[in-house]
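S.K.: Sequence first, predicted coordinates after that:
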Amino acid sequence: MVFSADIDVSADSNDVSIKGYDPVAYFTESKALKGNKAFTATYKNAIFQFSSAGNRDAFKADPEKYAPQYGGYCAFGVAMGKKFETDPNAWKLVDNKLYLNLDKSVQKRWLEDVPGYINTADTNWSTIKTVEADKL
């Protein structure tokens, strides 16, 4: 399968990232909010959807600030050297960065040592970000 989205971004077969959820809403509304196809922006060749034009414009102005860490792959998975899809409702902001997890049960484990897992994941990400998920 060939995707247009960059290899270091988690996106579906239509190149939509975070299952269509608004990455800016995590910061501005403190909740997972479904985006609207009317408000989109492209980052790393993946399509992000937003709940409002304002959120889209904020993202376009500073995508690095709002895009999820590790390209939207599960933060715990990256700490384990893997690339797993995520549940947009299993999220946490840490030091003004958005982290997503596979699901709520995986997130529970990740929350046991957030700084440690982030440290390990940051190290692993430099190695695995350019590797296809199914090759890990």
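M.R.: Perfect, I can see it now.

S.K.: Looking at the chain, which helix is longest?
M.R.: Ranked by residue count, the top helix of the chain under DSSP state H comes out as helix 114-128.

S.K.: what is the rounded mean pLDDT of that one?
M.R.: For helix 114-128, mean pLDDT rounds to 97.

S.K.: low pLDDT regions in this structure?
M.R.: 1-3 (pLDDT under 70).

S.K.: any idea where the strands of it begin and end?
M.R.: In the chain, the strands defined using DSSP state E lie at 36-43, 46-50, 87-94, 97-101.

S.K.: Can I get these in a markdown table including distance to Ile118?
M.R.: For the C-beta atoms, the positions are set from N, CA and C on the backbone; glycine is no exception. Output for those, formatted as a markdown table (distance: least, Cβ to Cβ, whole Å):
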| stretch | distance to Ile118 |
| --- | --- |
| strand 36-43 | 21 |
| strand 46-50 | 22 |
| strand 87-94 | 7 |
| strand 97-101 | 7 |
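
S.K.: With distance to Ser4 and mean neighbour count added, can I get the ones you listed in TSV?
M.R.: Formatted as TSV, those follow (distance: least, Cβ to Cβ, whole Å; neighbours: other Cβ atoms under 10 Å):
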stretch	distance to Ser4	mean neighbour count
strand 36-43	9	16
strand 46-50	8	25
strand 87-94	21	17
strand 97-101	21	24
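
S.K.: which one of these lies closest to Val16?
M.R.: strand 46-50 (5.0 Å; Cβ to Cβ).

S.K.: Count the residues that sit near Ala32.
M.R.: 18 (other Cβ atoms under 10 Å).

S.K.: Now it: phi and psi?
M.R.: phi -80, psi 120 (degrees, to the nearest 10).

S.K.: where's it relative to Lys19, distance?
M.R.: Look at Ala32 and Lys19: by Cβ to Cβ, to the nearest Å, they are 10 Å apart.

S.K.: do Thr40 as well
M.R.: Distance, Thr40 to Lys19, using Cβ to Cβ: 14 Å.
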